[in-house]
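Student: this one's sequence-less:
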């Protein structure tokens, strides 16, 4: 018989070669088209979202920088919020001290009091003035117990306990349960501890602790790396029995002056000594008030610094994460052109492949 046409038939071999070639061309074209489509889609996404990348894998180095910048941005935002809260607290403290100052300077006239003697001030007049001083004591205690958001401003570390309590007769004043005029060394030591209390907050100065612990084994915050928000009321109004029985606390001293005015054995020289003491204590109050005003100005300046840093961080985040819109649109148009060109090439390839197959 005749020879069978098998795999060695030249016609069949040519047809097989043509089919494989067409498939390879189409596979190669599809891969190129998919890449062009991906580039086009990414360019379109950058324009729509305005971001350089949406996944870490797209740009790991930029993603790490963005993470660090955003971490700093959040920390700075927290410090700005804390600075604002502290500023609100200090403003309220300024208002309270101004109220105290007004009571002390406008109600008491040292010159008039020094003129008091048994000749020109009778018992009734002295008692009237004594009642005024007693009323001042009550007003001063109310101002010293000022609250904001449920916290007592002059309480030091303990802001949820009423700091000052005045007895009904106006002769005894306690600060956090301890008589401010006590002669007991233990009480005086405790009051001294109260006067040195600190409550530090981080306002962007690096917040560091000492490497070695204190006597109790606990590290301390370095004062220059944080801001102290503790304002014990006794630092403004004073504490201690003082010399010759004249209290170092202004409120108690006013009560002592009132008692002297009420005394049947009134001694104007003794009252003069109390008035001089009062004027000395007023200097201490003014010094504490000046320190408070300095803190307020510092907080205002620090807020400006934090706001400037906030703007700088935001600009750096934008430079890393956000696209240059003009460049992004240009890239988008170019990738769109490339994709459309690829589609057009594909039309030609498909036409030629179909004709080759039909032959």
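Tutor: Thanks, I have it. Computed from a predicted structure; not experimentally measured. Residues are numbered from 1 along each chain as shown.

Student: Let me see the contact set for the nearest residue to residue 200 once chain neighbours are set aside.
Tutor: Nearest residue to residue 200 in three dimensions, chain neighbours excluded: residue 226, at 3.8 Å (Cβ to Cβ, 6 or more residues apart in numbering). C-beta here means a position set from N, CA and C on the backbone, and glycine is covered the same way. Taking Cβ atoms under 8 Å, 6 or more residues apart in numbering, we find residue 226 in contact with 200-203, 205, 207.

Student: Could you report the distance from residue 226 to residue 83?
Tutor: 12 Å (Cβ to Cβ, to the nearest Å).

Student: so what sits against both of those two?
Tutor: Contacts common to residue 226 and residue 83, judged by Cβ under 8 Å, 6+ apart, are residue 203.

Student: Pretty sure residue 260 sits in a helix.
Tutor: Yes: Residue 260: assigned to a helix according to DSSP: H, G, I helix; E, B strand; the rest coil.

Student: which SSE is the closest residue to it other than its chain neighbours in?
Tutor: If you skip the residues right next to it in sequence, residue 260 has residue 271 as its closest partner in space, 5.1 Å away by Cβ to Cβ, 6+ apart. Under the criterion DSSP states H and E, the helix or strand holding residue 271 is helix 268-321.

Student: avg pLDDT for that helix?
Tutor: In this model, helix 268-321 carries a mean pLDDT of 91.

Student: so where's the stretch 1-150 of the chain shaky on pLDDT?
Tutor: Confidence mapping of the stretch 1-150 of the chain against pLDDT under 70 gives the ranges 1-23, 25, 46-47, 49-50, 107-121.

Student: 90 instead?
Tutor: 1-67, 70, 103-129, 132, 148-150 (pLDDT under 90).

Student: Okay, helices next: where are they in it?
Tutor: 10-49, 60-107, 110-114, 123-144 (DSSP state H, counting those that start in this stretch).

Student: doesn't residue 174 make contact with residue 180?
Tutor: Yes: using Cβ atoms under 8 Å, residue 180 is in contact with residue 174, at 6.7 Å.

Student: most surrounded residue in the contacts of residue 226?
Tutor: residue 203 (21 neighbours; other Cβ atoms under 10 Å).

Student: State the distance from that residue to residue 271.
Tutor: Distance, residue 203 to residue 271, by Cβ to Cβ: 47 Å.

Student: and if you look at residue 151?
Tutor: Counting by Cβ to Cβ - residue 151 and residue 271 are separated by 38 Å.

Student: And the two? Which one has more around it.
Tutor: Neighbour totals were compared for residue 151 and residue 271, and residue 271 leads with 20 against 13 (other Cβ under 10 Å).

Student: do you know how far that one is from residue 163?
Tutor: From residue 271 to residue 163 the distance is 29 Å (Cβ to Cβ).

Student: Kindly report the same for residue 32.
Tutor: 79 Å.

Student: Ok, residue 56 next?
Tutor: Taking Cβ to Cβ, one finds residue 56 at 53 Å from residue 163.

Student: Then residue 302?
Tutor: Counting by Cβ to Cβ - residue 302 and residue 163 are separated by 27 Å.

Student: got it, and residue 95?
Tutor: Taken as Cβ to Cβ, the span from residue 95 to residue 163 is 17 Å.

Student: try residue 275
Tutor: Relative to residue 163, and taking Cβ to Cβ, residue 275 is found at 27 Å.

Student: now do residue 253
Tutor: Taken as Cβ to Cβ, the span from residue 253 to residue 163 is 18 Å.

Student: Equivalent analysis for residue 92, please.
Tutor: As judged by Cβ to Cβ, residue 92 and residue 163 stand 14 Å apart.

Student: more crowded one of those two?
Tutor: Using other Cβ under 10 Å as the criterion, residue 92 and residue 163 rank with residue 163 on top: 23 against 16.

Student: residue contacts, the more buried one?
Tutor: Residue 163 neighbours (Cβ under 8 Å, 6+ apart): 144-145, 152, 154-156, 175-176, 233.

Student: Next, give phi and psi for it.
Tutor: Its backbone dihedrals place residue 163 at phi -70, psi -50, with angles given as degrees, to the nearest 10.

Student: count of neighbours near residue 156?
Tutor: With other Cβ under 10 Å as criterion, residue 156 counts 24.

Student: For it, what are phi and psi?
Tutor: phi 70, psi -130.

Student: repeat for the one 4 residues further on
Tutor: As for residue 160, its main-chain torsions (degrees, to the nearest 10) stand at phi -110, psi 0.

Student: can you give me the helices for the stretch 151-300 of the chain?
Tutor: Along the stretch 151-300 of the chain, counting by DSSP H, counting those that start in this stretch, helices occupy 185-195, 234-237, 250-262, 268-321.

Student: Count the residues that sit near residue 153.
Tutor: Residue 153 has 23 nearby residues by other Cβ under 10 Å.

Student: looking at it, it is touching residue 93, isn't it?
Tutor: Yes: applying Cβ under 8 Å, one finds residue 153 in contact with residue 93, separated by 5.2 Å.

Student: Mutual contacts of these two, please.
Tutor: Between them, residue 153 and residue 93 share the contacting residues 146, 231, judged by Cβ under 8 Å, 6+ apart.

Student: Let's check: the centremost residue of this protein is which one?
Tutor: residue 82 (1.6 Å; Cα atoms, centre = their mean).

Student: what's the distance between the nearest residue to that one once chain neighbours are set aside and residue 252?
Tutor: In space, and not counting its chain neighbours, residue 82 is closest to residue 201: 5.2 Å by Cβ to Cβ, 6+ apart. Relative to residue 252, residue 201 is positioned 32 Å away (Cβ to Cβ).
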